[in-house]
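Novice: with the input below, show me the fold.
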Amino acid sequence: MKILIVEDNPVNYRMLQTLLSQYGETEVAVNGRTGLAAFERAHQKGDPIELIFLDLVMPEMDGHEMLRLIREFEQSKGVSREEDQVKVVISTNQETTKDVILSYEQGAHHYFLKPYSPAELEDLMSLMGYIKTQTN
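Specialist: Modelled structure (predicted):
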């Protein structure tokens, strides 16, 4: 699985890289503009990114703008069903009602709050179906 981390804070993106590396190949973009370019490039190569962890507050292009443009790009490529879209997790310390509502309206799948917790990330990855739980 290809995972894109879009985060401008080096401490935060290194931590997420460490936590997410067990789930797949990670790539980092330090703002929304470079994140969008990485997403589009991977899609055009036929090796699309499956999961994005997206910060909201970044220079050049914020997370809301990037998410809106991702969904527009997917729609232009004929990707309209939610299950076919890239999964987007908003990873931020912003938890205003406005940000949460806007994120979900734009097509975010989950919200993951900083500071990152390995246990909470594992729960999230399980919830999204990336970890198969074993039953006895």
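
Novice: so what does the worst-scoring helix or strand of the chain on mean pLDDT touch, helix or strand wise?
Specialist: Lowest by mean pLDDT, DSSP states H and E among the helices and strands of the chain is helix 97-105, with a mean of 86. In terms of contacts (3 or more Cβ pairs under 8 Å, 6 or more residues apart in numbering; DSSP states H and E), helix 97-105 is packed against helix 63-76, strand 87-92. Using the backbone N, CA and C atoms, a C-beta is placed for each residue, glycine as well.

Novice: again, 10 Å this time
Specialist: Using 3 or more Cβ pairs under 10 Å, 6 or more residues apart in numbering; DSSP states H and E as the contact definition, the elements that helix 97-105 packs against are helix 63-76, strand 87-92, strand 110-113.

Novice: run the angle between that helix and strand 87-92 for me.
Specialist: Direction vectors for helix 97-105 and strand 87-92, defined by axes from the mean of the first three to the mean of the last three Cα atoms, to 10 degrees, enclose an angle of 170 degrees.
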